[in-house]
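Peer 1: Below are the sequence and a predicted model; questions follow.
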Amino acid sequence: MPEDYRISYRKSFMNTVSNMGASLLYKVNFSGFTLILIFYTIIQMRHAFFKRREIIKQMYVSGVKSMMVCGIVALLGGMIFSLQIGLQLKTYGQSDFVPTMIINVMNKELGALLTGIILTAFSGAAMAAEVATMKVSEEIDALEMMSINPVKYLVMPRMAAMLLMMPALTIYTVILGVIGAAVICYFQLGMSMETYFRRVQESIWFKDMYVCMLKSIVFGVIISSISCANGLKASNGALGVGHATRVSVVSSLLMILISGYFITSLFYGGFL
């Protein structure tokens with residue numbers, strides 16, 4: 001092997017290792033920054049009453065505006081799931097179990113998961129882009145120069161609004177998913193509405209409900225904190241805004257899936 005080729009190969013290998021190390025250090029640094037941001041935001045929650053106008057505004061932006069999308073996804077999700085499961089169970093004469101499966105799946109997993117995914121794309125991306133734009137245009141620096149805490153002024157209202165709207169939208173998604181499944185059970189499986197909703201009511205368990213609410217709260221913290229953290233870390237002008245928005249959506253989705261798995265494993269894996 002020629003000496004020049006060996007030197008070039010060695011430099012390329014060292015650059016690759018260096019880039020991987022720098023990327024790992026940045027991710028660790030960003031994770032720590034996000035955790036500290038969550039801690040400071042929770043402390044600033046004591047000022048929520050004085051920021052109620054901004055919180056209500058963020059509740060409208062994050063929750064009310066996304067109700068249409070959540071409703072459509074929930075209805076179609078419930079219809080698709082009940083159709084696939086119902087047609088399979090109907091061949092074995094077990095279509096009566098469809099309502100039980102629908103309410104269990106919507107309560108345990110799909111309700112909070114679908115809502116989290118929708119709000120990540122709908123509200124999380126908007127949060128990251130808004131905060132990142134303020135960061136690169138030096139508006140956040142101006143707030144700090146005026147002795148205004150950016151966490152109290154920007155992050156806390158958004159996290160408070162998300163914590164309030166995520167459980168409400170999750171309940172909304174579960175209800176519409178059950179209604180969508182009822183339509184399929186009535187028209188495709190020949191099940192009466194009275195029988196369907198009676199079986200749904202009999203299959204609702206308190207544990208499933210509070211686990212669903214716990215997931216929605218955790219997902220709300222994940223979406224708001226990661227989106228705002230990426231916005232606060234943005235740099236490099238318009239490119240930085242796009243990068244912060246993209247990374248916040250991907251990171252939020254991954255953390256929603258990971259945390260959802262661990263919560264399910266904690267409560268249904270024999271631990272609690």
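Peer 2: Looks like it came in fine.
Peer 1: Confirm for me that Leu114 is in contact with Leu75.
Peer 2: No - counting by C-beta atoms under 8 Å, Leu114 does not reach Leu75; the two are 10.8 Å apart. C-beta here means a position set from N, CA and C on the backbone, and glycine is covered the same way.
Peer 1: intersection of neighbour lists for the two?
Peer 2: Gly177 (C-beta atoms under 8 Å, 6 or more residues apart in numbering).
Peer 1: More neighbours: those two, which one.
Peer 2: Leu114 (22 against 18; other C-beta atoms under 10 Å).
Peer 1: Which strand or helix spans the more buried one?
Peer 2: helix 111-119 (DSSP states H and E).
Peer 1: ok, and what's touching the helix or strand that that helix is followed by?
Peer 2: Next along the chain after helix 111-119, taking DSSP H and E as the criterion, comes helix 125-136. The contact list for helix 125-136 (C-beta under 8 Å, 6+ apart) reads 61-62, 140, 154-155, 158, 223-224, 227-228, 230-238, 240-241, 244-245, 247-249.
Peer 1: helix or strand right after helix 125-136?
Peer 2: Assigned by DSSP H and E, the successor of helix 125-136 is helix 139-145.
Peer 1: quick one: the helix holding Leu114 to helix 125-136, angle?
Peer 2: With axes from the mean of the first three to the mean of the last three C-alpha atoms, to 10 degrees applied, the angle from helix 111-119 to helix 125-136 works out at 40 degrees.
Peer 1: where does Ser203 fall, phi/psi-wise?
Peer 2: phi -100, psi 0 (degrees, to the nearest 10).
Peer 1: Tell me which residues touch it, please.
Peer 2: So Ser203 contacts 99-100, 103-104 (C-beta under 8 Å, 6+ apart).
Peer 1: before we move on, back to that, go through the contacts of helix 125-136 and flag which are in helices.
Peer 2: If you go by DSSP state H, the contacts of helix 125-136 have 61-62, 140, 158, 223-224, 227-228, 230-232, 237-238, 240-241, 244-245, 247-249 in helices.
Peer 1: Among the contacts of Ser203, name the buried ones.
Peer 2: Among the contacts of Ser203, those classed as buried by 16 or more other C-beta atoms under 10 Å are 99, 103-104.
Peer 1: Any chance of a markdown table for those, columns distance to Ile85?
Peer 2: Below are the buried ones among the contacts of Ser203 laid out as a markdown table (distance: C-beta to C-beta, whole Å):
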| residue | distance to Ile85 |
| --- | --- |
| Pro99 | 10 |
| Ile103 | 12 |
| Asn104 | 11 |
